[in-house]
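J.: Pasting the sequence and the predicted coordinates here, then a few questions.
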Amino acid sequence: GAVVSQHPSWVICKSGTSVKIECRSLDFQATTMFWYRQFPKQSLMLMATSNEGSKATYEQGVEKDKFLINHASLTLSTLTVTSAHPEDSSFYICSARDLAGDWYEQYFGPGTRLTVT
Amino acid sequence: GQNIDQPTEMTATEGAIVQINCTYQTSGFNGLFWYQQHAGEAPTFLSYNVLDGLEEKGRFSSFLSRSKGYSYLLLKELQMKDSASYLCAALSNDYKLSFGAGTTVTVRA
């Protein structure tokens, strides 16, 4: 149980284009999902908290107009990187909290590697 | 804000024991997580401590001292597959995880 999927697992795009990454909780409902970014040899940095049916909360320094988050249902959150640039190349990981599970636990997706050329 | 510190690298021999220390300073604390992460993969959950003391799970144990802002992860009977990055993460009152930079453990034969 408690499986989170991400799609795509990797993507290469050209500078200036937009990329959408999906995060799905497959066997549970998630009112809250989190988006992280991890640069090589660095730790995960929280970008934003996504709540179903409401606007996402962004961490300091993360541009909300560049990283669009939509959490339209209890099982799906999407992150759209708009006008991507090479410096946006990173490993993007989502996690989800189970509505019916332990309040403290987050289940992580397998990550999406974005490369912007 | 959160400040999580852990060593960058550790090396140990197969079958040995390694202890990874983590110190944290947080504004609002709701527990300490340890995750294992292999290169290019998402973190996998190892342990969660919210009360002081030692939690043992097979070959892995985790310890927490809230008064000292200190935790450690103990890996016993090391195996080659344990070579990975180990992330210490503190959970805040608003359910946000703040991660340390990770400790890369290399297990040698």
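T.: All right, it came through fine.

J.: How about residue 29, nearest residue that isn't a chain neighbour?
T.: If you meant another chain, say so; for now it's chain A. Spatial nearest neighbour of A:Q29, excluding adjacent residues (C-beta to C-beta, 6 or more residues apart in numbering or on different chains): A:L74 at 4.1 Å. For every residue, glycine as well, the C-beta is placed using N, CA and C.

J.: that's the wrong chain, I wanted chain B
T.: B:A90 (6.3 Å).

J.: partner strands of the helix or strand where that neighbour lies, parallel or antiparallel?
T.: Assessed by DSSP states H and E, B:A90 sits inside strand B:84-91. Paired with strand B:84-91 in the same sheet, following DSSP bridges, are strand B:32-37 (antiparallel), strand B:97-99 (antiparallel), strand B:103-108 (antiparallel).

J.: how about the residues of chain A that lie near chain B?
T.: Residues of chain A lying close to chain B by C-beta under 8 Å from any C-beta of the partner chain are A:32, A:34, A:42-46, A:49, A:91, A:93, A:95, A:97, A:103-111, A:113.

J.: and the residue positioned nearest the centre of chain A, what are its bridge partners?
T.: In chain A, the centroid-proximal residue (C-alpha atoms, centre = their mean) is A:W35; its distance is 3.6 Å. Counting by DSSP bridges, A:W35 is bridged to A:A48, A:C94.

J.: Is it in contact with A:A48, as I believe?
T.: Yes - counting by C-beta atoms under 8 Å, A:W35 does reach A:A48; the two are 5.1 Å apart.

J.: okay, and the common contacts of the two?
T.: Common contacts of A:W35 and A:A48 (C-beta atoms under 8 Å, 6 or more residues apart in numbering or on different chains): A:67, A:69.

J.: Skip ahead from the strand or helix carrying B:L64 and say which helix or strand is next.
T.: Per DSSP H and E, B:L64 falls inside strand B:60-65. Where DSSP H and E defines the elements, the next helix or strand beyond strand B:60-65 is strand B:70-75.

J.: Any residue of that next one touching chain A?
T.: No - Strand B:70-75 stays clear of chain A (C-beta under 8 Å from any C-beta), getting no nearer than 14.8 Å.

J.: which parts of that strand are buried?
T.: Neighbour-count burial for strand B:70-75, with 16 or more other C-beta atoms under 10 Å in any protein chain shown as criterion, is recorded at B:71-73, B:75.
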